[in-house]
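Visitor: Pasting the sequence and the predicted coordinates here, then a few questions.
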Amino acid sequence: MSETPAEATKWSELSTHQKKSGFAAWLGWFFDGLDLHLYTLVATVFVAELLMAKESDPDVARYGAIVQAAFLLGWALGGAFFGVIGDRLGRSRTLVLTILTYALFTGLSFFAHTWWQLMIFRFLAALGIGGEWAVGASLLSETWPRKWRPWIAAVLQCAVNFGILAAIAAVFILQQIPGYQPRWVFLIGILPAFVTLWIRKEVPETQEWSAEKGRREAPSMSALFGRDIRRTTFVASLLCAISLTGHWCFMFWQQAFIRSHPAVVGGSPEAKAKVVSTALFWVISASVVGNFASGWAAQRFGYRRALAAFFGAYFILMGIAFAFPWSLGMTYVLYAGVGFCQGVFGLFTMALPPLFPTLLRTTGAGFSYNIGRVFAAVGTVFFGIFAKVGDFSSVLLYASFLFLPAAILAMWLPTEEATS
């Protein structure tokens, strides 16, 4: 049972509920991106400050990676935890809880005075960010027309990109203030809390969830491994685990790589910070284009082929970027190419939820997508610790090979939506 009118082909035909649901999910994802990357922008310098060590100290990279790993682990657990809550409590109410969670603990990171305190706050903030993805994806899959979904996925992924760009801009502005300290950036993460007041008032539960909830109770998470759906759970989880490990190895270690570039390594801390921000700007700006390119590919060729093609391109471009030495300008260009390929992750937003029954939808999508964060957490630390000190190009080159099996697994995803 769906509230979505199949005949809605343009904006004016969409209901007020659909528009509000879309805007609520977009805001949630925007602030996801903001809170998500505040740490990566100041990771090296802030962890060095907490350890009272130089940025080049191997312990800075090691503990910085551990903090990021804890964040990714929290993301995974949050997707599963809030996924279960979303199927029991409803999409709208759970969306509010997830946003409040990541806003609160991102703000509390300001008060960290040791690396392990920062790790705890980032872990707890990640619970909300992981949960918001699953809830927002299910909210839109139950309210928007099917033919719009690839484009909605692109728009949602752009919300994350714009949130990251907002984080870049905010950090840049703060750096211009006399006496700037890296910990200041975490106070920006409190802003999403104010959005929840509007969501709670204006965004009702979906009719599809309400109807199913009225007929029966949501099954437990163990139902994901029942005979009829366990293949879907396994393939989707493995695909997300492999691809997200490669992706997050790039997103975390690329800033360390660019800082060690021959054209940058001897520069001042301010010059290095500018290069890091510029590199991330290239990645995220190109990713916005990639979001819509992947949406077009999904609509034209289907989700499976689109996923496989973009993962294949991700492998090739990362290999080229880190197998050979390049000028700083060419490195920016290759970063943009990798960023374009990152549009593929927007497809999971609309591809995963319909694979699961209604009362397992948030649980299934949240578990499958966010279980990848567990492997990404381990992978981020593994690739960093076992590489030679300062050899970030090898870390990133090895990680690129993960996208080959990801491209193959994408073709094994089910092609039809689950029934309720």
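Guide: Nice, I can see it. Numbers count the residues shown, from 1 in each chain.

Visitor: Distance from the helix or strand containing residue 25 to the middle of the chain?
Guide: Residue 25 belongs to helix 16-51 when assigned by DSSP states H and E. Helix 16-51 sits 9 Å away from the centroid of its parent chain (C-alpha atoms, centre = their mean, to the nearest Å).

Visitor: so where's the stretch 301-420 of the chain uncertain?
Guide: 383-390, 416-420 (pLDDT under 70).

Visitor: Helices along that one, start to end?
Guide: 303-323, 328-341, 347-351, 361-385, 392-400, 403-410 (DSSP state H, counting those that start in this stretch).

Visitor: which one of those lies closest to residue 103?
Guide: With distances scored as C-beta to C-beta, the stretch of these nearest to residue 103 is helix 361-385 (19.0 Å). Yep, even glycine has a C-beta here, placed from its N, CA and C like the rest.

Visitor: what's the closest one packed up against?
Guide: If contacts are counted by 3 or more C-beta pairs under 8 Å, 6 or more residues apart in numbering; DSSP states H and E, helix 361-385 sits against helix 58-89, helix 115-141, helix 230-259, helix 392-400.

Visitor: and residue 324, which of the ones you listed is closest to it?
Guide: Using C-beta to C-beta, the nearest of the helices and strands packed on helix 361-385 to residue 324 is helix 392-400, at 8.9 Å.

Visitor: And that closest one, what's buried?
Guide: Across helix 392-400, burial judged by 16 or more other C-beta atoms under 10 Å covers 392, 393, 395, 396, 397, 398, 399, 400.

Visitor: orientation of that helix relative to helix 58-89 in degrees?
Guide: 30 degrees (axes from the mean of the first three to the mean of the last three C-alpha atoms, to 10 degrees).

Visitor: Which secondary structure elements does helix 392-400 sit against?
Guide: Against helix 392-400 (3+ C-beta pairs under 8 Å, 6+ apart) you get helix 230-259, helix 303-323, helix 361-385.

Visitor: Determine which stretch of those is the most buried.
Guide: Counting by mean count of other C-beta atoms under 10 Å, helix 361-385 has the highest mean neighbour count of these, with a mean of 26.

Visitor: Next, the angle from that one to helix 58-89.
Guide: Orientation check (the same axes, to 10 degrees): helix 361-385 against helix 58-89 gives 170 degrees.

Visitor: can you start the count at 28 instead of 1 from here on
Guide: With 28 as the first residue, the last one maps to helix 388-412.

Visitor: buried stuff in the helix or strand of the chain at the bottom of the mean pLDDT ranking?
Guide: Every helix and strand in the chain was compared by mean pLDDT, DSSP states H and E; the lowest is helix 234-242, with a mean of 72. The neighbour-count check on helix 234-242 (16+ other C-beta under 10 Å) flags 235, 236, 237, 239, 240 as buried.

Visitor: does the fourth one really touch residue 387, like I thought?
Guide: No. Shown here, residue 239 and residue 387 do not form a contact pair, counting by C-beta atoms under 8 Å, at 10.0 Å.

Visitor: Sort out which residues of the helix holding residue 52 are buried, please.
Guide: Within helix 43-78, the residues that count as buried by 16+ other C-beta under 10 Å are 44-45, 47-49, 51-78.

Visitor: and that helix, what does it pack onto?
Guide: Counting contacts by 3+ C-beta pairs under 8 Å, 6+ apart, helix 43-78 packs against helix 85-116, helix 118-135, helix 142-168, helix 176-202, helix 222-229, helix 257-286, helix 296-328.

Visitor: avg pLDDT for it?
Guide: What helix 43-78 shows for mean pLDDT is 85.

Visitor: quick check: angle from that helix to helix 257-286?
Guide: Calculated by the same axes, to 10 degrees, helix 43-78 forms an angle of 50 degrees with helix 257-286.

Visitor: pretty sure residue 314 is touching residue 188, no?
Guide: Yes. Residue 314 is in contact with residue 188 according to C-beta under 8 Å; the separation is 5.2 Å.

Visitor: Tell me the confidence at residue 285?
Guide: Listed pLDDT for residue 285 reads 90.

Visitor: The one 3 residues further on now?
Guide: In this model, residue 288 is scored at 90, pLDDT.

Visitor: who's in contact with the closest residue in space to it that isn't next to it in sequence?
Guide: In this structure, residue 288 finds its nearest non-sequential neighbour in residue 355, 5.8 Å apart by C-beta to C-beta, 6 or more residues apart in numbering. Listed by C-beta atoms under 8 Å, 6 or more residues apart in numbering, the contact set of residue 355 reads 288, 290, 291, 302.

Visitor: Output these in a markdown table; the columns should cover neighbour count and secondary structure.
Guide: Below are those laid out as a markdown table (neighbours: other C-beta atoms under 10 Å; DSSP: H, G, I helix; E, B strand; the rest coil):
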| residue | neighbour count | secondary structure |
| --- | --- | --- |
| 288 | 19 | coil |
| 290 | 12 | coil |
| 291 | 18 | coil |
| 302 | 20 | helix |
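
Visitor: would a markdown table of those residues with distance to residue 265 be doable?
Guide: Shown next, in a markdown table, are these (distance: C-beta to C-beta, whole Å):
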| residue | distance to residue 265 |
| --- | --- |
| 288 | 34 |
| 290 | 39 |
| 291 | 37 |
| 302 | 36 |
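
Visitor: what about the stretch 178-327 of the chain, any weak spots by pLDDT?
Guide: 241-245.

Visitor: Over to the stretch 28-177 of the chain?
Guide: 28-36.

Visitor: about what we covered before: the helices and strands packed on helix 43-78 into a markdown table, with extra columns for distance to residue 247?
Guide: Listed next are these as a markdown table, based on distance: least, C-beta to C-beta, whole Å:
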| stretch | distance to residue 247 |
| --- | --- |
| helix 85-116 | 8 |
| helix 118-135 | 17 |
| helix 142-168 | 16 |
| helix 176-202 | 28 |
| helix 222-229 | 27 |
| helix 257-286 | 13 |
| helix 296-328 | 32 |
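
Visitor: right, and those - which one's nearest residue 211?
Guide: The nearest among these, by C-beta to C-beta, is helix 176-202 at 5.3 Å.
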